[in-house]
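Peer 1: fold the following and give me the result.
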Amino acid sequence: MAASDSARLNSALDVLRSDVSDLLLPDQINQYARQMGHEFRDTSLNPGNTLVLFVRQVAHGNVACAAMTHLAGIRFTDAAWCAARQRLPLELIHRCNQQVVQEIGRCLDVDATASTWRREVH
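Peer 2: Next comes the predicted model:
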């Protein structure tokens, strides 16, 4: 990875670590989920909150599930966290990923697409 790519990736992670709620709005994510026909209960681990927390988990170095209650500021079990992530519709994750990539591109003033952030594997 070139130095400029590394710097750009670190800047993107800084944006995600700072406050993902500027990029992903839980209520909007829940609305997307409903539009996709996904049924869920309105709990602390609804699709919107779960996806926002999932992004934070990865941005913070893919911390252990046991650390998520600290990162989230709310209490839930490791099993509840794993189950909530498994319930996320893949289509919802893709839609929100596109939104995050576009918003980070705007924050960093780069023309960003999902391929901008893919790492080449040789």
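Peer 1: what sits against residue 42?
Peer 2: By C-beta atoms under 8 Å, 6 or more residues apart in numbering, residue 42 lies in contact with residue 30. Backbone N, C-alpha and C define where each C-beta goes, glycine included.
Peer 1: secondary structure element holding it?
Peer 2: For residue 42, there is no host helix or strand (DSSP states H and E).
Peer 1: next SSE after the helix or strand hosting residue 49?
Peer 2: Using DSSP H and E, residue 49 sits within helix 47-59. Next along the chain after helix 47-59, taking DSSP H and E as the criterion, comes helix 68-72.
Peer 1: pull the residues that contact that next one.
Peer 2: Contact partners of helix 68-72, identified using C-beta under 8 Å, 6+ apart, comprise 49, 53, 56-57, 60, 63, 75-76, 78, 81.
Peer 1: which secondary structure elements does the biggest helix by length in the chain contact?
Peer 2: Secondary structure of the chain per DSSP state H: the longest helix is helix 90-108. Applying 3 or more C-beta pairs under 8 Å, 6 or more residues apart in numbering; DSSP states H and E, we find helix 90-108 packed against helix 3-18, helix 26-35, helix 47-59.
Peer 1: can I get the ones you listed in CSV including mean neighbour count and mean pLDDT?
Peer 2: What follows is those, written out as CSV (neighbours: other C-beta atoms under 10 Å; pLDDT from 0 to 100):
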stretch, mean neighbour count, mean pLDDT
helix 3-18, 14, 71
helix 26-35, 16, 96
helix 47-59, 21, 92
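Peer 1: out of these, nearest to residue 107?
Peer 2: Residue 107 lies closest to helix 3-18 among those, at 5.2 Å (C-beta to C-beta).
Peer 1: quick check: angle from that closest one to helix 47-59?
Peer 2: If you take axes from the mean of the first three to the mean of the last three C-alpha atoms, to 10 degrees, helix 3-18 sits at 140 degrees to helix 47-59.
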